[in-house]
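Asker: okay, structure incoming, though there's no sequence with it:
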Ligand code: 173
């Protein structure tokens with residue numbers, strides 16, 4: 001009897017230990033061969049190595065698993081537990097998501113000035129998400145073109161967008177078309193678009209340099225890519241797993257200075273491959289960037305009269 005009990009206990013202990021291990025299913029809204037995803041997969045590998053018995057992340061895939069613009073809803077409803085995505089891809093859940101591109105305050109400072117708490121209040125209320133960490137920062141967006149312009153006037157041009165660029169490019173006179181990143185190459189190849197909005201980096205991941213002639217300088221806004229977690233999952237997992245995930249995500253976010261040097265390299269790589277910079281005079285540059293900011297916040301406040309002004313107070317300079 002005693003022996004049997006001991007035997008049973010001995011058999012149960014490891015089972016209990018593994019039962020405590022949390023596994024999170026993560027998808028990426030960006031294509032799998034893209035650098036953000038490669039970087040995140042490396043992060044996951046490290047997390048999994050140190051997280052045995054506590055937490056494991058299972059990378060499910062990119063837009064082939066869940067289409068780019070449906071990833072937000074998949075996190076909200078718990079179809080997946082976590083995602084690597086950007087706010088522009090889930091404005092269907094909440095217009096506020098796209099305001100993070102307007103941040104002139106780094107993620108590190110957003111954690112200090114209350115922005116992080118505000119974001120989490122809104123994300124919880126509207127998207128059932130925990131906003132875990134911002135893993136791209138210090139990165140401007142640019143307009144890339146295949147037709148030359150000599151002033152910031154996009155009349156007659158068809159430009160690929162996401163919500164990030166819509167108000168700004170329309171204000172410059174463009175006709176716009178929304179696509180996921182995975183459709184840009186084909187749209188360029190077929191001549192369906194004359195250009196597109198995208199960060200200063202990452203053209204080469206998807207071979208867009210083959211189909212791109214010009215980049216308009218200066219850049220504008222601040223590309224945001226983040227890890228978000230289904231809120232029920234976040235709250236329901238053991239404290240140990242949650243703390244570990246949080247610590248690992250903070251480590252990832254703290255590497256954001258990396259983007260500063262990477263962006264310089266990528267700018268050079270674009271020049272080396274023959275992408276020409278279109279530049280204006282200093283006054284036009286200032287007006288261009290100012291206009292981006294102005295229409296960006298006007299759009300954010302119109303879409304969310306409740307939270308737009310609060311976000312502006314904490315994110316803008
Ligand atoms: O697809 C996009 O152009 C876009 O909105 C975006 C946002 C953040 C990083 C990269 C792309």
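Answerer: Thanks, I have it. Keep in mind the model is a prediction, meaning the values are calculated, not measured.

Asker: and this structure, which residues reach the ligand?
Answerer: Within the chain, the positions adjacent to the ligand are 86, 88, 162, 164, 181, 197, 198, 199, 223, 224, 225 by Cβ under 6 Å from any ligand atom. The C-beta positions use only the backbone N, C-alpha and C, and glycine is treated the same way.

Asker: ok, so of those, who is nearest residue 211?
Answerer: Distance to residue 211, by Cβ to Cβ, is smallest for residue 198 among the residues of the chain next to the ligand, at 12.2 Å.

Asker: grab the nearest non-local neighbour of that closest one.
Answerer: Nearest non-adjacent residue to residue 198, counting by Cβ to Cβ, 6 or more residues apart in numbering: residue 144, 6.1 Å away.

Asker: ok, then the element right after the host helix or strand of the one you found?
Answerer: Element membership of residue 144, judged by DSSP states H and E, is strand 141-145. Next helix or strand after strand 141-145 toward the C-terminus (DSSP H and E): strand 158-161.

Asker: run me through the strand neighbours of the strand holding residue 144, direction for each.
Answerer: Applying DSSP bridges, strand 141-145 is found paired with strand 195-199 (antiparallel), strand 214-220 (antiparallel).

Asker: which residues does the last one contact?
Answerer: Contacts of strand 214-220 with the rest of the structure, by Cβ atoms under 8 Å, 6 or more residues apart in numbering, involve 140-149, 152, 168, 195, 200, 270, 275-279, 285, 288-289, 292-293.

Asker: pLDDT of the strand holding residue 144, averaged?
Answerer: Strand 141-145 shows a mean pLDDT of 98.

Asker: likewise stretch 168-187?
Answerer: Per-residue scores along stretch 168-187 average to 98.

Asker: report the buried residues of that stretch.
Answerer: 168-172, 174, 176, 179-184, 187 (16 or more other Cβ atoms under 10 Å).

Asker: that stretch: end-to-end distance?
Answerer: 21 Å (Cα to Cα, to the nearest Å).

Asker: wasn't residue 31 part of a helix?
Answerer: No: read with DSSP: H, G, I helix; E, B strand; the rest coil, residue 31 is coil and lies in no helix.

Asker: per-residue pLDDT, the spatially closest residue to residue 22 that is not a sequence neighbour?
Answerer: Leaving aside its chain neighbours, residue 22 sits nearest to residue 241 (4.1 Å; criterion: Cβ to Cβ, 6+ apart). For residue 241, the pLDDT comes out at 98.
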